[in-house]
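Chemist: Mind folding the following:
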Amino acid sequence: MQVSELCLGAMMFGAWGEPDPDACVAIIDRALDAGINFIDTADVYSQGVSEEIVGRALAGRRDEVILATKVHFPMDTPFGGTGGDPNKRGNSRRWIVAEVENSLRRLGTDWIDLYQIHRPDPDTDIEETLGALTDLQRQGKIRAFGSSTFPAHQIVEAQWASHRRGLGRFVTEQPPYSILVRGIEADMLPVAQEYRLGVIPWSPLAGGWLTGRYRVGKPVPTTHRAERIPVRYDLSLPGNQAKLAAADALAVLADEAGISLIHLALAFVMQHPAVTAPIIGPRTMDQLESQLGAVDVTLAADVLDRIDEIVPPGVNLSAPDGGYLSPTLLDASLRRR
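Modeler: You can find the predicted model right below:
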C-alpha cells in the first residue's frame with residue numbers, strides 16, 4: 001500500500017469536534033481532491049460517529065482510499081469514564097472479533113486496510129491479540145494491522161511473538177510525535193526503522209499548541225480538546241508552562257524562516273527518516289487548508305538546529321503527552337514487594 005505524505009485524521013468529526021456531518025464530509029472531499037489518500041479514524045471517536053461520517057464520505061470513493069481505524073477503548077461508556085462491560089474493551093480476541101464487525105458496518109465497507117490496536121492491554125497476552133488479527137487478515141476483513149502508542153519494548157515483544165508463533169505482525173506504529181513531544185526519538189523510532197514499520201504520528205501539532213494560537217502573554221484558547229483532556233492544557237502545571245514557552249519560541253523561529261508555525265511543525269515531523277505520514281486532524285475547512293501546504297516545505301539544517309535548541313531531541317516537555325503510562329507507574333503496588 002502506498003500512502004500520501006499526509007494522513008487525514010477523523011478524530012474531530014462528530015461530537016468531539018465538528019458535529020455537522022455535512023461539514024465533515026466536505027473536509028474529507030477536499031482532502032481527497034488535494035491528493036490525500038490515507039484516512040485514519042477509530043471506533044471510539046465520538047463513540048462511532050466518526051466512522052459513520054467517514055463511511056458516508058467514502059461512498060463511491062472507497063477504492064481511492066487507504067482506510068485505517070482502531071480498536072481498544074470501551075464503547076459502552078463515555079471516553080475516560082468508568083464502568084461498563086469489561087469484555088467490551090481492550091485487546092482480547094472476543095472484543096476484537098466483535099468490534100471489527102461494528103467498524104465495518106459503520107464505515108460501510110467490506111474491508112479495512114489498516115486495523116490498529118489503539119493502546120496496549122496489560123490484561124491480554126499479545127499472542128492472543130496477534131492471533132485474532134491474523135485470523136481477520138486471512139478472512140479478508142482487514143488487509144494489515146498495526147499498533148498505536150505502544151512502548152518500544154512492547155513493539156519488539158510483538159514482533160518476536162509473531163515470528164515465534166507464525167502469526168501476522170504489526171506493520172505500523174502510530175505514536176505521538178511533535179516538536180514538543182520528542183520522546184520516541186530515543187527508542188521507538190529506531191525500533192521502527194529496525195523492523196521496517198510504517199510510522200504514522202498522531203498530534204504533530206501537539207494538540208493545537210503548535211498552531212500559533214498559544215503565545216506568551218495571550219489568553220489560552222478554549223477548545224473541546226482542552227475540556228476533554230485538561231491535564232494537557234492546564235498552565236498551572238510545569239510541563240504545560242514549558243510547552244507554552246517553547247511554542248512561543250518556535251513561533252518566532254517560524255516567522256524568521258518565513259513560514260507558518262503549522263508548516264514548521266508538520267515539516268519537522270515529515271523530515272524524520274522513520275516517519276511515513278503524520279496525521280492531521282482538522283476540525284474546520286480553514287484548518288485543513290492551513291495544513292495542506294506543509295508537504296512543499298523542507299526545513300534547512302540551521303532551522304532544525306534551532307528547533308533542537310528549543311526542545312532537545314528525545315524529550316517530552318510534558319509527560320501526559322506521551323499518550324500511555326505503564327501500569328507500573330500508575331499503581332504503586334506493582335513497584336513494591
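
Chemist: So which residues of the stretch 1-150 of the chain form strands?
Modeler: Under the criterion DSSP state E, counting those that start in this stretch, the stretch 1-150 of the chain contains strands at 7-9, 38-40, 66-71, 112-117, 142-148.

Chemist: Relative to residue 263, which of these is closest?
Modeler: strand 7-9 (16.6 Å; Cβ to Cβ). Every residue, glycine included, has its C-beta placed from N, CA and C.

Chemist: So which elements touch the closest one?
Modeler: Under the contact criterion of 3 or more Cβ pairs under 8 Å, 6 or more residues apart in numbering; DSSP states H and E, strand 7-9 touches helix 21-33, strand 38-40, strand 279-280.

Chemist: hmm, who's touching it?
Modeler: Residues from elsewhere that reach strand 7-9 (Cβ atoms under 8 Å, 6 or more residues apart in numbering): 27-28, 31, 36, 38-41, 68, 200, 202, 277-282.

Chemist: what about 10 Å?
Modeler: 27-28, 30-32, 34, 36-42, 45, 50, 54, 65-66, 68, 174, 200-204, 276-282, 288, 291 (Cβ atoms under 10 Å, 6 or more residues apart in numbering).

Chemist: So residue 299 is in contact with residue 308, correct?
Modeler: No - counting by Cβ atoms under 10 Å, residue 299 does not reach residue 308; the two are 11.4 Å apart.

Chemist: more neighbours, the two?
Modeler: The neighbour count for residue 299 versus residue 308, taken as other Cβ atoms under 10 Å, is higher for residue 299 (19 against 13).

Chemist: that older thread, wait, which of the helices and strands packed on strand 7-9 is closest to residue 136?
Modeler: Residue 136 lies closest to strand 38-40 among the helices and strands packed on strand 7-9, at 18.0 Å (Cβ to Cβ).

Chemist: what's near enough to touch the residue nearest the centre of the chain?
Modeler: Central residue of the chain (Cα atoms, centre = their mean): residue 202, 2.9 Å from the mean position. Residue 202 sits next to 7, 9, 11, 40, 148-149, 174-178, 181, 278-281, 323 when contact means Cβ under 10 Å, 6+ apart.

Chemist: In ChimeraX, how would I select the buried members of those?
Modeler: The ChimeraX command for the buried members of the contacts of residue 202 (criterion: 16 or more other Cβ atoms under 10 Å) is given here:
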select :7,9,11,40,148,149,174,175,176,177,178,181,278,279,280,281,323
